[in-house]
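> Coordinates for the following, if possible.
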Amino acid sequence: MLNTVRPVSVRVDVGPVLPGQGSLAVAADIFVPNAPPRVLLFCLPGGGVNRQYFNMGGPGNSFAQAMLAHDAVVVTLDHLGVGDSDEPDDRFCLTADNLMRANTRACAAIRQGLCDGTLDPLLPPLNPPLSIGVGHSMGAMLTVVQHAANPTHAALALLCFSTRGLPEVLTDAEKLAATAPDHGRSQAEHLARTRFVGDPSAQAPRPEGTSPAAAALAPVQDKMLQTSAMQSMLPNNVSAEAALIDVPIYLGVGERDITGRPHRIPASFPACRDIALYVVQGAGHHPFVAAKRHDFFAHIGDWVDTIVTRHATTA
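I've put the predicted structure just below:
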C-alpha cells in the first residue's frame, strides 16, 4: 500500500555558483517511507516545471508516492530560478554547468543532513546505503552532467531523454553552433539570449504541439530556464558526458515522445553494460500523467528494487 506521508520542505545553501553573485539556496521536498529506507532518489524536473512534477496527483497517482512503496527516500529539487529556489540576478547565467554545480552541492548537503539528522527537526537520522539520480527531460540531461562530473550515484533513471536534441526546431545559427567540437555548449548562453530576447518567460518550443495532459500539468508549470533549455535542444548536447556513464541506467520514454526512436537511445551510453529501456504505451513527453503511468511506476519500482538488491549482495 502506498505511503501517504507529507513531504518535509527544506532549503539548502549552495554557496556562490554564479559569477558576481553571492550565496544562493535550493528548495527541496523530502518524502520518507514508513519502513527503514533502502535507497535515496534525487529527482530533477525538466524544463518549464518545478519539483511538484514528481508528486502530481498525490497518493496513488504520483511518482514520489509510488517510490515510497519501494522503501525509497525521495528528494525532489527545484533548480535555481524555479519554484521556491532562489532567483538569480541574470537567469541566462543558469547554464547546465552552473545548475550542475548548484544541484551537486544541494544533493551533498541533503544527503549529509539526512545522515546526521540535522536537515530538519521533523527528520530523524537516515542513512540510505545508496543513491539513484532521477531526471525528466532537461532534468535528465542535468543528471547526466552531474554524475559525469561527480559519480556518486549507484544508478541513473533518465526519463524522456536522449542526446539527439530537437534539431527540427533549431534556427540555422543554432544548427551551426551544434556542429562545433563542444556541440554548442560554450555558445548556449548567447544562443538563448538571442532566441528568448525580451521574453524572460519564453517557453522552449515543443514539436508535439498542445498536450492533452495540459490540465494535469498546469499546477506544476513554472519558469523556463532558457540557457539550459537551449542546450537541451542542441544535438549531441551532453554526448561527451553520456559516454562516461558506467552505472546501470533506466531509460523511460513515451511512445509518442520527442526523444527520437527509443531503441537508438542506449547507443549514447557506450560505457554502460546495464541498460533497461521501457516505452510507455500511448504516452507523449509526460508519461507521469499518461493513462499507463501506474504500469510505468511499477516498472521503475521493480528496477529500483533490483539495483538495491544487487548492491546489498555485493556490499
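> Settle this for me: residue 97 is touching residue 148, isn't it.
No. Using Cβ atoms under 8 Å, residue 97 makes no contact with residue 148, being 11.2 Å away. The C-beta positions use only the backbone N, C-alpha and C, and glycine is treated the same way.
> Buried residues, stretch 238-245. List them.
Counting neighbours by 16 or more other Cβ atoms under 10 Å, one finds that the buried residues in stretch 238-245 are 238, 240-242, 244-245.
> Neighbours of the nearest residue to residue 281 once chain neighbours are set aside, how many?
Of all residues not flanking residue 281 in the chain, residue 292 sits nearest, at 5.0 Å (Cβ to Cβ, 6 or more residues apart in numbering). Residue 292 has 16 neighbours, counted by other Cβ atoms under 10 Å.
> Distance-wise, check residue 292 relative to residue 255.
Look at residue 292 and residue 255: by Cβ to Cβ, to the nearest Å, they are 9 Å apart.
> hang on, the earlier thing: pull the contacting residues for the residue nearest to residue 281.
By Cβ atoms under 8 Å, 6 or more residues apart in numbering, the contact list for residue 292 reads 280-283.
> out of those residues, which is most surrounded?
residue 280 (25 neighbours).
> Go ahead and confirm that one touches residue 298.
No. Assessed by Cβ under 8 Å, residue 280 is found out of contact with residue 298, at 11.5 Å.
> Was I right to think residue 279 contacts residue 251?
No. Between residue 279 and residue 251 there is no contact under Cβ under 8 Å: 9.1 Å.
> For these two, list the residues in contact with both.
Common neighbours of residue 279 and residue 251 (Cβ under 8 Å, 6+ apart) are residue 262.
> So between these two, which is more surrounded?
residue 251 (24 against 17).
> Any idea what the more buried one is bridged to?
Listed beta-bridge partners, residue 251: residue 158, residue 277 (assigned using DSSP bridges).
> and the gap between it and residue 219?
Distance of residue 251 to residue 219, given as Cβ to Cβ: 27 Å.
> Need the residues touching each of residue 292 and residue 255.
Residues touching both residue 292 and residue 255 (Cβ under 8 Å, 6+ apart): 280-283.
> Just those: which are in strands?
residue 280 (DSSP state E).
> What is the nearest of the shared contacts of residue 292 and residue 255 to residue 116?
Of all the shared contacts of residue 292 and residue 255, residue 116 sits closest to residue 280, with 38.3 Å by Cβ to Cβ.
> In contact with the closest one, which residues?
Counting by Cβ under 8 Å, 6+ apart, the residues that residue 280 touches are 252-255, 287, 290, 292-293, 295-296.
> Nearest residue to it in space, ignoring adjacent ones along the chain?
Counting by Cβ to Cβ, 6+ apart, residue 280 lies nearest to residue 287, which is 4.0 Å off, once chain neighbours are set aside.
> shouldn't the one you found be in contact with residue 159?
Yes. Assessed by Cβ under 8 Å, residue 287 is found in contact with residue 159 at 7.4 Å.
> Give the residues shared as contacts by the two.
In contact with both residue 287 and residue 159: 252-253, using Cβ under 8 Å, 6+ apart.
> Point out where the stretch 151-300 of the chain drops to low pLDDT.
198-213 (pLDDT under 70).
> what about the strands in it?
155-159, 249-254, 275-280 (DSSP state E, counting those that start in this stretch).
> Mind putting the ones you listed into TSV with distance to residue 263?
Listed next are those as TSV, based on distance: least, Cβ to Cβ, whole Å:
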stretch	distance to residue 263
strand 155-159	15
strand 249-254	10
strand 275-280	7
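> deepest of those, which one?
Among the strands of the stretch 151-300 of the chain, strand 155-159 has the highest mean neighbour count (mean count of other Cβ atoms under 10 Å), at a mean of 27.
> Distance from the chain centre to it, please.
Its chain's C-alpha centre and that of strand 155-159 lie 9 Å apart, by Cα atoms, centre = their mean, to the nearest Å.
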